[in-house]
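*Asks:* Here you go, sequence then predicted model.
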Amino acid sequence: MKKNFLVVDDNLTVCLMLKSWLIKKGYNAETATDVHQAKQLVREQPIDMILADIKMPDVDGFTFLSWVKKFDSEILVIMMTGFADIETAVEAMKAGASDYIAKPIKPELLFHKIDEAFQSQLNRQRKDHNCNEQIKPPGEKYARLLRYLDNVVDQKLHLLVTGDRGTGKSSTVRYLHDKGYHMSKPLIIVDLDHFESDRELNNLQAETTNDTSLLIEKFREARGGVLHIRNAELLDLNMQDELLGMLTRQNRDDDFVQVVVSSVKNKEELQRVLIPKLYTQLEKNSVELPVLRGDKEVIKGFASYFLKFSNYILGKEIKGFEPELMEQLYNYAWPENIQELKNMVLKAALLTESSRISVNIAPELFGKHESSRETKPQPTNSIHKLRKENYEKEKIMEALQLAKGNKTMAASILNIDRKTLYNKMKLYKVST
């Protein structure tokens, strides 16, 4: 996927020159000649890296850098200046810049610094991923699931993953990718539900050829790696034909793409919407992920893990949960399963300043649901009555509030990537 750059400099000639260099290297690039315009572009679209001048007439580059890091800490920033000195470089790095470059800018040096910044970010993300995302789920049913997934990896099999909302379909795909021979190769995700939103956002015509072209493009991007197709029930007939070819015509060589198809629909429901040959291919190797409700061992294990994860990202040292609160976690219905538990533990950690999470914050965690031990909460029907757009907007706003405006954390809470979050925020006119 192409990286998106923003060049910010009050000298238009510098902006256009750098934009030209970036485009020739295969990047996407936008320009802004003042900070106000730059902020607007950052709000409207996902930006991977900003090249910003330190000296600008309206707002200096350091003030802009501080704003960027508060808006989205994952955006990399390289500061540019005509005055090369150690003091300025140190100040830029302390303020959160990825690097620093002096004018006049040499293209070889600039792209070296760009490559280093992206590689450093990737290394950090991999370290965080290894420390925090890889969890061995508790319980025998998850042990059986992992053994099956290991076999899928070893034999280079395609896979159908079904399960209710929040049961861990994306985590299952990440496990396959990171466990397998292709962990250094791409993991490409095609979310058909989000593609529908992107089409609406960009006023695209819902033509089958566009949809099929998207699938082919993403398949090529996934060369040697994993292609994850989410919300399989939304595949139209032409896309199904194309997918069938991907599953049946590949050689299992170095370029082999392992295709994983997932859906919140069960196999019986998918059989009604998929063409028979495609369903037969997918059904050969399939797993249904279990729900969380009523499984005390699994709830306890995941709650403990998510608390460690929350401590890590929040810099806290919370030791555990009060027994009364754990009882309420056991009795809760978990309509959105593991994802809901993750969000709830993160919220609890945000609200807690002591060494243990107290039962007193239960009303804040469960909201309108009953938090009494004697009354087992039931899944609310209100979610199902909301229109999809209102539901998604509500979830995005909740995630942003929970993450205190941090886009990267909000995207993680929603289990989507940053680009999708930005597109959804633009579609639903959500601001921070």
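*Replies:* That came in fine, so what should we check first? Numbers count the residues shown, from 1 in each chain.

*Asks:* Kindly state the domain boundaries assigned to the chain.
*Replies:* Domain assignment for the chain, taken from automatic domain parsing, gives 4-130, 140-288, 296-427.

*Asks:* With just CA atoms, put the helix or strand where Leu278 lies into CSV.
*Replies:* In the assignment (DSSP states H and E), Leu278 maps to helix 276-283. What follows is helix 276-283, C-alpha atoms only, in CSV (Å, rounded to 0.1, in the frame of the first residue of the first chain):
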residue,chain,number,x,y,z
PRO,A,276,-22.0,-23.9,-4.5
LYS,A,277,-18.5,-24.5,-5.8
LEU,A,278,-17.1,-21.6,-3.7
TYR,A,279,-18.9,-22.8,-0.6
THR,A,280,-17.6,-26.3,-1.1
GLN,A,281,-14.0,-25.0,-1.4
LEU,A,282,-14.3,-22.9,1.7
GLU,A,283,-16.1,-25.4,3.8
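
*Asks:* that older thread, export the domains of the chain to a markdown table and append columns for mean pLDDT and mean neighbour count.
*Replies:* Heads up, the C-betas are built off the backbone N, CA and C, glycines and all. Putting these into a markdown table (pLDDT from 0 to 100; neighbours: other C-beta atoms under 10 Å) gives the following:
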| stretch | mean pLDDT | mean neighbour count |
| --- | --- | --- |
| domain 4-130 | 88 | 16 |
| domain 140-288 | 86 | 17 |
| domain 296-427 | 81 | 17 |
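
*Asks:* In its sheet, which strands sit next to the helix or strand following the helix holding Leu278, and in what direction?
*Replies:* Counting by DSSP H and E, the element after helix 276-283 in chain order, helix or strand, is strand 286-288. Looking at strand 286-288 with DSSP bridges, its partner strands are strand 159-162 (parallel).

*Asks:* Strands along the stretch 151-300 of the chain, start to end?
*Replies:* Listed in chain order, the strands of the stretch 151-300 of the chain (DSSP state E, counting those that start in this stretch) span 159-162, 187-191, 226-230, 258-263, 286-288.

*Asks:* Can you redo those as TSV, where the extra columns are distance to Glu336?
*Replies:* Formatted as TSV, these follow (distance: least, C-beta to C-beta, whole Å):
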stretch	distance to Glu336
strand 159-162	16
strand 187-191	17
strand 226-230	16
strand 258-263	16
strand 286-288	17
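
*Asks:* Between those strands, which one is closest to Trp21.
*Replies:* Closest approach to Trp21 among the strands of the stretch 151-300 of the chain (C-beta to C-beta): strand 187-191, 27.2 Å.

*Asks:* Which elements pack onto the closest one?
*Replies:* If you count contacts as 3 or more C-beta pairs under 8 Å, 6 or more residues apart in numbering; DSSP states H and E, strand 187-191 packs onto helix 169-179, helix 208-221, strand 226-230.

*Asks:* Which of the ones you listed sits closest to Val153?
*Replies:* helix 169-179 (5.4 Å).

*Asks:* Report the backbone C-alpha coordinates of the closest one in CSV.
*Replies:* Taking C-alpha atoms only, helix 169-179 is exported to CSV below (Å, rounded to 0.1, in the frame of the first residue of the first chain):
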residue,chain,number,x,y,z
LYS,A,169,-11.6,-13.4,13.6
SER,A,170,-8.9,-10.8,12.7
SER,A,171,-6.7,-12.1,15.5
THR,A,172,-7.0,-15.6,14.1
VAL,A,173,-5.8,-14.3,10.7
ARG,A,174,-2.9,-12.5,12.4
TYR,A,175,-2.0,-15.7,14.2
LEU,A,176,-1.9,-17.6,10.8
HIS,A,177,0.3,-14.9,9.2
ASP,A,178,2.8,-14.5,12.1
LYS,A,179,3.0,-18.2,12.8
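
*Asks:* report the angle between the axes of that helix and strand 226-230?
*Replies:* Calculated by axes from the mean of the first three to the mean of the last three C-alpha atoms, to 10 degrees, helix 169-179 forms an angle of 180 degrees with strand 226-230.

*Asks:* From the contact counts, what lies against helix 169-179?
*Replies:* Counting contacts by 3+ C-beta pairs under 8 Å, 6+ apart, helix 169-179 packs against helix 140-154, strand 159-162, strand 187-191, strand 226-230, strand 258-263.
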